[in-house]
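J.: below: sequence and its predicted model.
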Amino acid sequence: MVMIDNNENDNTAMQSIYLNVLYAKKNSSSNKISSRIHFHPFTEFYFIIDGNGKFSIEDKMIDVKKDDFLIINSNVGHSIYSSKDDENLIYVSFGVDSIFVKSVDNNENLEEDKYYYNSIDEMKDYFLNSFNDINNEFNSKDPYSKSMANAKASEFVITLLRNLSDEFKITNDIKINKQIDYIKNFIDNNYSEDIRLENLSKMAYMNKFHLISEFKQNYRVTPIEYLILKRIEVTKNLLISTNHSMEEISSIVGFNSQSYFNQVFKKKVGITPSQFRKNHRI
């Protein structure tokens, strides 16, 4: 559990913070295997050790390289893969619960508070050492290793807040409504079906306007926008890993029209499905 005490008279003053690390690992992602879109009920910190790659964060595509640093807020859909056929994207990451990273310049619009990205220069050794220490402690069998990982993560985040206080701050995380979580899981498992907002609202026992508001508060997109993002991410994997035609893929992921499928994919990814396949196939 994270403990945060705020001074109500000074919104930038963080009196205390202690993080609970839920996982820590060193990993790699190649162009051969693009991770599917996934959501976590916790906030993730990433540091790129080597390689070049891409983070697909909902409707944005971010090019990343060695010494880049990212924070992805909880319940924000993302996937990771390398940019080149012969190269792995190597990174260290860890997840902590109950915090939300918020831009200092953005007081109202949660839509923009999905992630934080920066390219580290002067502090890159500190970043690498901190991520490795957190990872090593969390996965160690030494006594009190989990507590040490929590302490090191807390120290790291406090150092960030001190050095980057003009860029972001940390608040308590948004809690997920169980009904909304059920709707999200239903879409995950049935994205290829003809899912309509009216049917989802009946399943959640909410009117559709309330459902849209609650879903967007929890996942920062509407249910239908999330459905499209899910289909796009599955499409990416099919384009990379199969020889299915565009017509077959559009049908598999649930689009009734290939032209609409092409239009939506280009709008969200920035290139057509054919271009994406050409760029990422081996």
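T.: Looks like it arrived, so ask away.
J.: can you name every helix or strand that the helix or strand residue 238 falls within contacts?
T.: Using DSSP states H and E, residue 238 sits in helix 223-241. With contacts taken as 3 or more C-beta pairs under 8 Å, 6 or more residues apart in numbering; DSSP states H and E, helix 223-241 sits against helix 178-190, helix 197-204, helix 208-219, helix 246-252, helix 258-269, helix 273-280. Using the backbone N, CA and C atoms, a C-beta is placed for each residue, glycine as well.
J.: pull out the buried positions in it.
T.: Buried residues in helix 223-241, defined by neighbour count with 16 or more other C-beta atoms under 10 Å: 223, 225-240.
J.: ok, now stretch 126-139?
T.: Neighbour-count burial for stretch 126-139, counted by 16+ other C-beta under 10 Å, picks out 127-128, 130-138.
J.: now swap in stretch 78-87 and tell me
T.: By neighbour count with 16+ other C-beta under 10 Å, stretch 78-87 contains the buried residues 78-83.
J.: what about that stretch, start to end distance?
T.: Taking C-alpha to C-alpha, to the nearest Å, stretch 78-87 runs 20 Å from one end to the other.
J.: related to what we said a few turns ago, which of the buried residues of stretch 126-139 fall in strands?
T.: Judged by DSSP state E, the buried residues of stretch 126-139 include no members of strands.
J.: got the residues you listed as a markdown table, with distance to residue 245 columns?
T.: What follows is those, written out as a markdown table (distance: C-beta to C-beta, whole Å):
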| residue | distance to residue 245 |
| --- | --- |
| 127 | 44 |
| 128 | 44 |
| 130 | 47 |
| 131 | 42 |
| 132 | 45 |
| 133 | 49 |
| 134 | 45 |
| 135 | 42 |
| 136 | 47 |
| 137 | 49 |
| 138 | 45 |
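J.: redo those as JSON lines? Include pLDDT and distance to residue 39.
T.: As requested, these are exported to JSON lines (pLDDT from 0 to 100; distance: C-beta to C-beta, whole Å):
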{"residue": "127", "pLDDT": "96", "distance to residue 39": "25"}
{"residue": "128", "pLDDT": "96", "distance to residue 39": "27"}
{"residue": "130", "pLDDT": "97", "distance to residue 39": "25"}
{"residue": "131", "pLDDT": "97", "distance to residue 39": "22"}
{"residue": "132", "pLDDT": "97", "distance to residue 39": "26"}
{"residue": "133", "pLDDT": "97", "distance to residue 39": "27"}
{"residue": "134", "pLDDT": "97", "distance to residue 39": "22"}
{"residue": "135", "pLDDT": "97", "distance to residue 39": "22"}
{"residue": "136", "pLDDT": "97", "distance to residue 39": "27"}
{"residue": "137", "pLDDT": "97", "distance to residue 39": "26"}
{"residue": "138", "pLDDT": "96", "distance to residue 39": "22"}
